[in-house]
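Colleague: I would like to see how this sequence folds:
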Amino acid sequence: MRQLSIEISDELAQRLEPFQNQLSELVTRLITTNLLGDTASNVVVNSTQPPPIYLEVLDFLVTRPTYEQILAFKVSERSQAQLQTLLEKNREGNLSSFETAELNLYEQLDALMTMLKARAYSAIKATSDSLNLA
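Modeller: Numbering: from 1, shown residues only. Take a look at the predicted model:
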């Protein structure tokens, strides 16, 4: 296995600490699903701009959110409405290949945010528990 070194701020390093054991897997998954030909990449690569949901999550993450902000994060009503539309079309069997790729992207982003929220919750709980012991 090779190592890749990048320079990041001390604050970002501290925030990524709880995810340290999963960073390799998360980066691998991101590259595989979004850059190397998975159907979700068709949504990102074949359009001039990624779907709004992708940009929402990306814009949120680059703000270096606190654990509390991660737990409170929700996508916009517009993105929620688009997801509902895609789910309805999927139930009816009327999704185009582009819509299928977009729905897959929603699922991947949901899985990512669920993992982030679980880690954020654990970090908050660990901090709270250590304060209670002191």
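Colleague: use CA for all of it now, contacts and neighbours both
Modeller: Fine.
Colleague: report the distance from the lengthiest helix in the chain to the chain centre.
Modeller: Longest helix in the chain, counting residues (DSSP state H): helix 97-133. Relative to the centre of its chain, helix 97-133 is centred 7 Å away, using CA atoms, centre = their mean, to the nearest Å.
Colleague: so which bits of it are buried?
Modeller: Of the residues in helix 97-133, 99-106, 108-109, 112-113, 116-117, 119-121, 123 count as buried by neighbour count, 16 or more other CA atoms under 10 Å.
Colleague: next one: stretch 5-25
Modeller: Across stretch 5-25, burial judged by 16+ other CA under 10 Å covers 15, 19.
Colleague: report the secondary structure state of Lys74.
Modeller: With DSSP: H, G, I helix; E, B strand; the rest coil as the basis, Lys74 sits in coil.
Colleague: wait, Ile6
Modeller: Following three-state DSSP, Ile6 is assigned to coil.
Colleague: distance of it relative to Ala111?
Modeller: Here Ile6 is placed at a distance of 25 Å from Ala111 (CA to CA, to the nearest Å).
Colleague: check contacts around Ala123.
Modeller: Contacts of Ala123 were listed using CA atoms under 8 Å, 6 or more residues apart in numbering, and they are 18, 67.
Colleague: how about a cut-off of 10 Å?
Modeller: The contact partners of Ala123, by CA atoms under 10 Å, 6 or more residues apart in numbering, come to 15, 17-18, 67-68, 117, 129.
Colleague: for Asp10, same thing?
Modeller: Leu16.
Colleague: still on that earlier bit, which among the contacts of Ala123 gets closest to Leu55?
Modeller: Nearest to Leu55, judged by CA to CA, of the contacts of Ala123 is Lys117 at 18.4 Å.
Colleague: the bottom helix or strand of this structure by mean pLDDT?
Modeller: When each helix and strand of the chain is scored by mean pLDDT, DSSP states H and E, helix 39-45 comes last, with a mean of 46.
Colleague: what is the neighbour count of Leu86?
Modeller: Leu86 sits with 20 neighbouring residues when counted by other CA atoms under 10 Å.
Colleague: no further queries at this time; thank you.
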